[in-house]
Structure formats: structure tokens, C-alpha cells
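> test case, fold it:
(one chain, ligands or ions: 1)
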Amino acid sequence: EKVPLKLDINGKKYRLQVEPRTTLLDLLREQLHLTGTKKGCDYGQCGACTVHVDGQRVNSCLTLAVMQDGRKVTTIEGLAEGDKLHPMQEAFIKHDGFQCGYCTPGQIMSAVACIREGHANSEGEIREYMSGNICRCGAYPNIVAAIQEVKN
Ligand code: FES
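This is a model prediction of the structure:
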């Protein structure tokens, strides 16, 4: 039995019907085809699925879509303004903050939240905040450099 769900996603209003057990991640990817948000582990261990809900960082694989009724969701697709990349996206490019790119949307969403929440005051603080976002290519130093540049 599907239930109604209202969401604002990247500034667009949606009225949806969803299965109560659908995660926010599966809603984004499967139902809305917003595939920038990635599924790595699907159990809260990798951070590839990171989005913002009402401005807070959330692992979208760990929350049911119906729990977000009426909230504002931002995904990686909503970060740029038209053709103008978000400064964090620019900084990841400049500092080579990725290799394969699979973890990058989640890394960038966390990186933006890191600064917004005031956890980018030192390399150690950044590494601690970003520790839930795993990069198997090991781009960590470059990711930290990108965050530091945007912070300064
Ligand atoms: Fe959500 Fe890995 S897919 S944390």
C-alpha cells in the first residue's frame, strides 16, 4: 500500500506515492531518477548516499522517504546554479578531489555541510567530520585541500 509524500527536492515540489519501506536513497534514484546520489553500502557505512535534509547532512540509505514528509531535500544535482558550479564542486576539480568519482557526490555534500556546520577549522577537524565518507581511491588529502580552500 503506497502512502502520499510531499517533498521539496532541489527547489522543486513533489507530490509522490511511495511504499512505506522505501528509503530516501531509493526514492531519489529509482523513482525520481536523481542518480547523482550513489548507493555504496546501503547500510550507513560509506557516505556515498549523503544528501541534505533541511540543511542537515543525512545518509539517505538510512532514512525512510516517508519520514521526510514536508522537508526540503538537496542532492548533488541541486548544488550548482544553472551552469555555475558550486564553489565546492570547483574546488574538488581544482584539487583533484577524486579519482573514480563514485564517492564524489557524497563527499561534496558532506564537504558543504562541514563548512556550514563550522567543522572546517583545522585539517584534523575536517578529517573527523568527513570520516563517514569513504574514498577507496584514497583522495583524502585532496578532498581536505578542497574544503580548506572553500573555507578560506
Ligand atoms: Fe548510504 Fe553507504 S550507501 S552510507
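> tally of neighbours for the closest residue to Tyr43 other than its chain neighbours?
The spatially closest residue to Tyr43, leaving aside those adjacent along the chain, is Cys61, at 6.7 Å (CB to CB, 6 or more residues apart in numbering). Bear in mind the C-beta positions are built from the backbone N, C-alpha and C, glycine included. Other residues near Cys61 come to 23 when the count uses other CB atoms under 10 Å.
> my read: Cys61 touches Thr22, true?
No - between Cys61 and Thr22 no contact is recorded; they are 11.2 Å apart, counting by CB atoms under 8 Å.
> coming back round to it: look at the residue nearest to Tyr43 and give its secondary structure.
helix (DSSP: H, G, I helix; E, B strand; the rest coil).
> how near is the closest residue to Leu64 other than its chain neighbours to Asn152?
Here the nearest residue to Leu64 in space, its sequence neighbours aside, is Thr23; by CB to CB, 6+ apart that works out to 6.1 Å. When distances are taken as CB to CB, to the nearest Å, Thr23 and Asn152 turn out to be 36 Å apart.
> more neighbours: which of those two?
Each of Thr23 and Asn152 had its neighbours counted (other CB under 10 Å), and the higher figure belongs to Thr23 (22 against 6).
> one step back: could I get the contacting residues of the residue nearest to Tyr43?
In this structure, Cys61 makes contact with 23-25, 39, 41-44, 49, judged by CB atoms under 8 Å, 6 or more residues apart in numbering.
> buried ones only from the residues you listed, please, as a ChimeraX command.
For anyone working in ChimeraX, the buried entries among the contacts of Cys61, judged by 16 or more other CB atoms under 10 Å, can be selected with:
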select :23,24,25,39,49
